[in-house]
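[1] sequence plus the predicted model coming up.
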Amino acid sequence: MSAAADSHHDDHHHGPEKNFVKRWLYTTNHKDLGTLYLWFAFAMFFVGGLMALVIRAELFSPGLQFVDPQFFNSMTTMHAIVMIFGGVMPAFVGLANWMIPMMIGGPDMALPRLNNWSFWIMPFALAIFLSTLLMDGGGPASGWTLYAPLSLQGGDSFAFVIVSIHFMGISSVMGSINIIATILNMRAPGMTLMKMPLFVWTWLITAFLLIAVIPVFAGAVTMLLTDRYFGTSFFSAAGGGDPVMYQHIFWFFGHPEVYILILPAFGIVSQIIPTFARKPLFGYSSMVYATGSIAFLSFIVWAHHMFTVGMPLAGELFFMFATMMIAVPTGVKVFNWIATMWRGSMTFETPMLFALGFVVMFTFGGFSGLMLAMTPADIQYHDTYFVVAHFHYVLVPGAIFSIIAACYYWLPKWTGNMYDERLGKIHFWSSTFFVNLLFFPMHFVGLAGMPRRIPDYNLQFADMNMWASIGAFGFGGSQLLLLYIVIKCIKGGEKATDQVWEGAEGLEWTVASPAPYHTFETPPEIK
């Protein structure tokens, strides 16, 4: 009996539930794995979102209302780690899995079995991480940066936090190796590097960043582990160590990490804007070089997170100027997106709305980042809500809006059905309204001196915090609409055509790479 007949024979006996489990548990298909990553990330966004709502409920008014300060600190710490390692990164990896093979004309990812393993490590890593809430002493409560010596306090959960971070890192590195192997080896004939869609380029660069910095993070948390359990004193001044060394090692990982969270978003937006402007992307090669420059510069700016530790003046100047330089390639990208739209035949379907929201609000977050780059100013802003406002503008209307845009943009490709355009627009406008209500007031309370990661605050900040908390619940509620739209689209709806977006014939796949040399109306001559 042939292998196929054999497996069919097996399936026949065990019924559909065995099929379902077998399909999703053992799958090596890049589309299935992309889907698993995206659903997992979606679930983690809701878990991380609930943690954020605990924080915002506590901050709705001054005083201690709902949770004790230790649990509040656990929420700020875990919210960040769940959102970064469980939400944004797996969502981007899911999009990479789905789209990269199709964009470069490859049959699948280069290492399909590794792909399966990379995914299945993730839910277990996050489960270990979340289980720390149930342990003595509660979850980690030292901020997502896990700064020593604070992170060395706490209960039994510490070792579990470290092991879960190692597993998340292993998953990310394996996924990155797979993406690099796929892009460098599986391109269709004629698909040179400089003809790849920009989403593929941004992911190639992101994957190299991940492989470079995840081991640094692994080293930092392993040193924390040995300090706690094995009597070393890497970060303990009493034993000759230095807690500031932890900050250097952490941010050498942490700064490239924030670009890992945004570069794939640049790629997504560079696919969507040309489609709905009905023009090829302006300045393709400058976009590629800008992405590469951002990646390079991200390695030499880490200590701008540490202007208050007492660096020598020369160090402060270097990190200030290097940080300001990152604004240049980023500005090139924003200019190119605007130039792409200039005099295009624009339409404003949901993916385009989210992409435009991304450009406007991400740029806003970039400007507050430029303020934070200035050493004397940053010493005032450091550890205030201004910093929280800055990075949330980059990560929520930035990274998360781009992920939502990508889902709307490719849902017709993925499901064969169109999503509900009217609901999509409602989702965009409610998300945009509430995300600004949530994060914009934080600039003001931050500049007025409200510290971050504190469960209680001065009466003068009460009104702004109330608005921010209302915004948080509104924004969280808006995402339930997204869940409804996605499920509705999967279940049915009007069928998507070959030409999904009116008048953008074939553009979805080709626009973000240079225009072809011929139209294919006549077959090209074979040399």
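    All right, it came through fine.
[2] using the three-state scheme, assign residue 227.
    Assigned with DSSP: H, G, I helix; E, B strand; the rest coil, residue 227 falls in the helix class.
[3] correction: residue 310
    Reducing the assignment at residue 310 to three states with three-state DSSP gives coil.
[4] regarding it, what are the backbone dihedral angles?
    Comment: the main-chain dihedrals of residue 310 come out as phi 90, psi 50, following degrees, to the nearest 10.
[5] what residue ranges in the chain score low on pLDDT?
    In the prediction, the chain carries residues with pLDDT under 70 at positions 1-15, 502-527.
[6] ok, now which ones touch the residue nearest the centre of it?
    By Cα atoms, centre = their mean, the mean C-alpha position of the chain lies nearest to residue 88, the distance being 3.0 Å. Contacts were defined as Cβ atoms under 8 Å, 6 or more residues apart in numbering; by that measure residue 88 touches 41, 261, 395, 399-400, 403. All C-beta spots, glycine's among them, are computed from the backbone N, C-alpha and C.
[7] quick check: it is in a helix.
    Yes. With three-state DSSP as the criterion, residue 88 is assigned to a helix.
[8] returning to what we had before: return the members of the contacts of residue 88 classed as buried.
    Under a neighbour-count criterion of 16 or more other Cβ atoms under 10 Å, the subset of these counted as buried comprises 41, 261, 395, 399-400, 403.
[9] which members of those residues are the farthest-apart pair?
    When Cβ to Cβ is used, the two most widely separated members of these are 41 and 395, lying 13.8 Å apart.
[10] residue 28 versus the residue nearest to the centre of the chain, what's the distance?
    With distances taken as Cβ to Cβ, to the nearest Å, residue 88 is found 25 Å from residue 28.
[11] can you pull out the strands in the stretch 101-250 of the chain?
    According to DSSP state E, counting those that start in this stretch, the stretch 101-250 of the chain carries no segments that qualify as strands.
[12] the helices in the stretch 301-450 of the chain, which residues?
    Taking DSSP state H, counting those that start in this stretch as the test, the helices found in the stretch 301-450 of the chain are 313-341, 350-373, 375-381, 385-394, 401-415, 421-447.
[13] other residues contacting the fourth one?
    Applying Cβ under 8 Å, 6+ apart, the external contacts of helix 385-394 come out as 258, 262, 361-362, 364-366, 368-369, 371-372, 381, 438-440, 442-443, 445-447, 450-452.
[14] among these, the buried ones, what's the ChimeraX command?
    What follows is the ChimeraX syntax for the buried subset of these, where burial is set by 16+ other Cβ under 10 Å:
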select :258,262,361,362,364,365,366,368,369,372,381,438,439,440,442,443,445,446,450,452
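[15] for the closest residue to residue 433 other than its chain neighbours, grab the count of nearby residues.
    Of all residues not flanking residue 433 in the chain, residue 474 sits nearest, at 7.4 Å (Cβ to Cβ, 6 or more residues apart in numbering). Residue 474 has 16 neighbouring residues, counting by other Cβ atoms under 10 Å.
[16] correct me, but residue 474 touches residue 436?
    No. Counting by Cβ atoms under 8 Å, residue 474 stays clear of residue 436, with 10.5 Å between them.
[17] tell me the contacts of the closest residue to residue 154 other than its chain neighbours?
    Spatial nearest neighbour of residue 154, excluding adjacent residues (Cβ to Cβ, 6+ apart): residue 137 at 5.3 Å. By Cβ under 8 Å, 6+ apart, residue 137 lies in contact with 154-157.
[18] now residue 137: how far from residue 330?
    Residue 137 is 41 Å from residue 330, where distance means Cβ to Cβ.
[19] ok, now residue 96?
    The gap separating residue 96 from residue 330 is 22 Å, by Cβ to Cβ.
[20] cool, residue 69 as well?
    From residue 69 over to residue 330 (counting by Cβ to Cβ), the distance is 37 Å.
[21] out of the two, which sits in the busier spot?
    Using other Cβ under 10 Å as the criterion, residue 69 and residue 330 rank with residue 330 on top: 23 against 13.
[22] what packs against the helix or strand hosting residue 480?
    Residue 480 is located in helix 462-491, with elements delineated by DSSP states H and E. Using 3 or more Cβ pairs under 8 Å, 6 or more residues apart in numbering; DSSP states H and E as the contact criterion, the elements in contact with helix 462-491 are helix 30-58, helix 401-415, helix 421-447.
[23] pull out the buried residues from the first one.
    The neighbour-count check on helix 30-58 (16+ other Cβ under 10 Å) flags 30, 32-38, 40-42, 44-45, 47-49, 51-58 as buried.
[24] buried sites along the helix or strand that comes right after it?
    Past helix 30-58, heading to the C-terminal end, the next element that is a helix or strand (DSSP H and E) is helix 69-81. Buried residues in helix 69-81, counting neighbours by 16+ other Cβ under 10 Å, are found at 71-81.
[25] and those as a markdown table, adding distance to residue 171?
    A markdown table is the format used below for those (distance: Cβ to Cβ, whole Å):
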| residue | distance to residue 171 |
| --- | --- |
| 71 | 28 |
| 72 | 29 |
| 73 | 27 |
| 74 | 23 |
| 75 | 24 |
| 76 | 24 |
| 77 | 20 |
| 78 | 18 |
| 79 | 20 |
| 80 | 18 |
| 81 | 14 |
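[26] tally up the residues packed near residue 259, please.
    Under the neighbour criterion other Cβ under 10 Å, residue 259 is assigned a count of 22.
[27] count the neighbours of the nearest residue to it once chain neighbours are set aside for me.
    Once flanking residues are discounted, residue 259 sits nearest to residue 298: 4.4 Å by Cβ to Cβ, 6+ apart. The number of residues packed around residue 298, counting by other Cβ under 10 Å, is 22.
[28] what sits against residue 26?
    Applying Cβ under 8 Å, 6+ apart, one finds that residue 26 lies in contact with residue 116.
[29] please report phi then psi for it.
    Here the main-chain torsion angles of residue 26 (degrees, to the nearest 10) amount to phi -100, psi 0.
[30] now the helix or strand hosting residue 258 against helix 350-373, angle please.
    Using DSSP H and E, the secondary-structure element containing residue 258 is helix 243-260. Between helix 243-260 and helix 350-373, the angle comes out at 150 degrees (axes from the mean of the first three to the mean of the last three Cα atoms, to 10 degrees).
[31] by contact count, what packs against the helix or strand following helix 243-260?
    Helices and strands here follow DSSP H and E; after helix 243-260, the next one along the chain is helix 263-277. With contacts defined as 3+ Cβ pairs under 8 Å, 6+ apart, helix 263-277 has these neighbours: helix 89-104, helix 198-229, helix 284-297, helix 313-341, helix 350-373, helix 401-415, helix 507-510.
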